[in-house]
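Colleague: my questions are about this predicted structure, shown below with the sequence.
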Amino acid sequence: MSLASATPLPRLFTSRSIFAISRPRVRPRASTSFLPIASRSRGYATVEDRFDPNSVERATDEVDVCIVGGGPAGLSAAIRLKQLEQEKGGDELRVVVLEKGGEVGAHILSGAVIETRALDELIPDWKELGAPLNQRATSDSMRFLTSSSSFPMPHPPQMNNKGNYIVSLSRFTAWLGEQAEALGVEVYPGFAGAKVLYTEDGKGVKGVVTGDVGLDKDGQPKDSYEPGMEFHSKVTLIAEGAHGSLSKEIQNKFNLRDGKDPQTYGLGIKEVWKVRDEVYEPGKVVHTLGWPLDYKTYGGSWLYHMEDNMVSLGLVIGLDYENPYLSPYKEFQRMKHHPFFANILKDGQCIAYGARALNEGGFQSIPKLHFPGGALIGCSAGFLNVPKIKGTHNAMKSGMLAAETAYASLRSSSEAETESEQPTDMSPYAEAVEGSWIWKELKEVRNLRPSFHNPLGLWGGMAYSGVDSMILRGRVPWTFRNKVEDYEMTKKASEVRPIEYPQPDGKLSFDILTSVSLTGTNHAENQPVHLRLPEVQGAKERHTRTNYEDYAGLLGRVCPAAVYEYADAEGAEADAEGKKFVINSQNCIHCKTCSIKTPTQDIKWTVPEGGGGPKYTIT
């Protein structure tokens, strides 16, 4: 018998399977009705009669634990909960994972070299179970790039990859999903957590609502409309990844960032290439600093030789960069023409592309980890180890610790036979994290990334990081602070020089739409734009005037998927400054960079229809 009071939904995994059970149809308020309008197939006669999604009666389901996000953190939490259920005996737990990607792993992007520490703890027999970890890392090196040469650098101990594996994180995550399903976890790909449900007094979280399906671009129901479903849970774990929409809302609602440094981010852009036999060195790992970035801009590249003649290469650029003319995408494209990369990529084939924002704030920027009724896990909390360029092991461990806290709390309330209306207390989770190797690891490297915020930029950061990582090992009485949000670091266009980029050659470098075509990105046509300006009069005019006039249309450069344009326009077509602000939301690869870097902070990223977005497989 489940600890949850409702009968479990069938474990079906196609992208609208939940709604095939028995979904309520639209039930407008008594004062509204559907009225035909000649210019539209379905519409409303007046503003007052427009469709209000908040008026819809939604199907609800009661579960014990609802996990928003089917990445390594969320799936590790789900697996650990079911393991504890088997180890301890007693009533069955209903554990549900909601994943916005059309398949588990479809939205997962990473370099990726994985440290197996957490995996060894979670699934000790992962090799026997067929985990797709096939290529061991066999060598490490760091190089400093100039515009035409490269030089070896000392190798920090944090970047030692002995015993690690070069993997497709997308495939690894899909495998974790299979392990979770085998244990009885209900995994629902194609269902995005779109809204937080709060307790009646507003002091706790009681679950989430999945996104509506079948709304048109104006937010009105089409014939295919299906309202989102409410999942009421005793524990809600937020595992959306970096800068998730629900994570931001919950952190603001419960003041989880009070006393913490601002979270800072980097944008990681990557490709996977099939290369010639003569340049392929399976297991080789290389990281670089220097060119193509200037000394004021934090960033670096990687090159990983994966299995089957494939190499993963990419560039991470700190989003605290100053020059609005900088294009991370074009910096990456010109980087590939450096002899170090060009010699490897020559006569090869680019087979995949992707981009994602990464947490870079580190130890100082970790928010309060729990809230009434749930917790933040994985990159929703910010456990990336920046010097290691790894976070999967920390994300998985955080999910495991949250699962152990949730299980203990649910079991305790079950044994006491109480049905308390009070939200579940997840505070022991924060204590568990602080007592774990996650905390020790991140505290040791806490000063390395912020050390680059100095008048000497790259040079000062390299000097301090070398001493701290190799000698001091973080055993110092001081902690450098992150005091400024990334968008606040952006200078006005009048204060900097424009950057000229070479044209792509179609062999090593490509135009941005060619790259986006490799992501498998797809969004249902005629759905509401999920990248939104404030719903107030004049929002587009104010955005366009400031961002184009003062910041030279920064969004058109920072976005790695050509979502944003400031197109020439005249008369009433123009929003401001002879420009029309255009959002090509169908291109969006869900990197979240726009809402981080926009100087006016008026772009709100929301989830599109479940299943929309990129489809990463080998990346």
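Modeller: Structure's in. What do you need? Residues are numbered from 1 along each chain as shown.
Colleague: quick one: the strands in the stretch 351-500 of the chain?
Modeller: 370-371, 374-376 (DSSP state E, counting those that start in this stretch).
Colleague: just the ones you listed: most buried one?
Modeller: Sort the strands of the stretch 351-500 of the chain by mean neighbour count, taking mean count of other C-beta atoms under 10 Å, and strand 374-376 sits at the top with a mean of 31. No exception for glycine: its C-beta is placed from N, CA and C like everyone else's.
Colleague: now do the helices in this protein.
Modeller: Taking DSSP state H to define them, one finds helices in the chain at 72-88, 117-122, 169-182, 245-253, 328-335, 339-345, 392-415, 427-434, 437-444, 458-467, 512-516, 539-549, 555-558, 593-597.
Colleague: contact partners of the fourth one?
Modeller: So the one you mean is helix 245-253. Contacts to helix 245-253, defined as C-beta atoms under 8 Å, 6 or more residues apart in numbering, come from residues 68, 193, 195-196, 198, 205, 208, 238, 240, 256-257, 367, 371, 374, 376, 380, 604-607.
Colleague: swap the cut-off to 7 Å and go again
Modeller: If you take C-beta atoms under 7 Å, 6 or more residues apart in numbering as the criterion, helix 245-253 is touched by 68, 193, 196, 205, 208, 238, 240, 256-257, 367, 371, 376, 380, 605-607.
Colleague: likewise for the fifth one?
Modeller: By C-beta under 7 Å, 6+ apart, the residues outside helix 328-335 that reach it are 267, 269, 292-293, 301, 315, 317, 341, 501-502, 504, 509-510, 512, 558, 560.
Colleague: so can I have JSON lines of the helices of the chain showing mean neighbour count, mean pLDDT and distance to G612?
Modeller: Listed next are the helices of the chain as JSON lines, based on neighbours: other C-beta atoms under 10 Å; pLDDT from 0 to 100; distance: least, C-beta to C-beta, whole Å:
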{"stretch": "helix 72-88", "mean neighbour count": "25", "mean pLDDT": "97", "distance to G612": "19"}
{"stretch": "helix 117-122", "mean neighbour count": "18", "mean pLDDT": "98", "distance to G612": "30"}
{"stretch": "helix 169-182", "mean neighbour count": "22", "mean pLDDT": "97", "distance to G612": "17"}
{"stretch": "helix 245-253", "mean neighbour count": "19", "mean pLDDT": "97", "distance to G612": "14"}
{"stretch": "helix 328-335", "mean neighbour count": "23", "mean pLDDT": "98", "distance to G612": "21"}
{"stretch": "helix 339-345", "mean neighbour count": "17", "mean pLDDT": "98", "distance to G612": "31"}
{"stretch": "helix 392-415", "mean neighbour count": "24", "mean pLDDT": "94", "distance to G612": "23"}
{"stretch": "helix 427-434", "mean neighbour count": "18", "mean pLDDT": "98", "distance to G612": "31"}
{"stretch": "helix 437-444", "mean neighbour count": "18", "mean pLDDT": "97", "distance to G612": "32"}
{"stretch": "helix 458-467", "mean neighbour count": "16", "mean pLDDT": "93", "distance to G612": "38"}
{"stretch": "helix 512-516", "mean neighbour count": "18", "mean pLDDT": "97", "distance to G612": "14"}
{"stretch": "helix 539-549", "mean neighbour count": "19", "mean pLDDT": "97", "distance to G612": "23"}
{"stretch": "helix 555-558", "mean neighbour count": "22", "mean pLDDT": "97", "distance to G612": "20"}
{"stretch": "helix 593-597", "mean neighbour count": "24", "mean pLDDT": "98", "distance to G612": "16"}
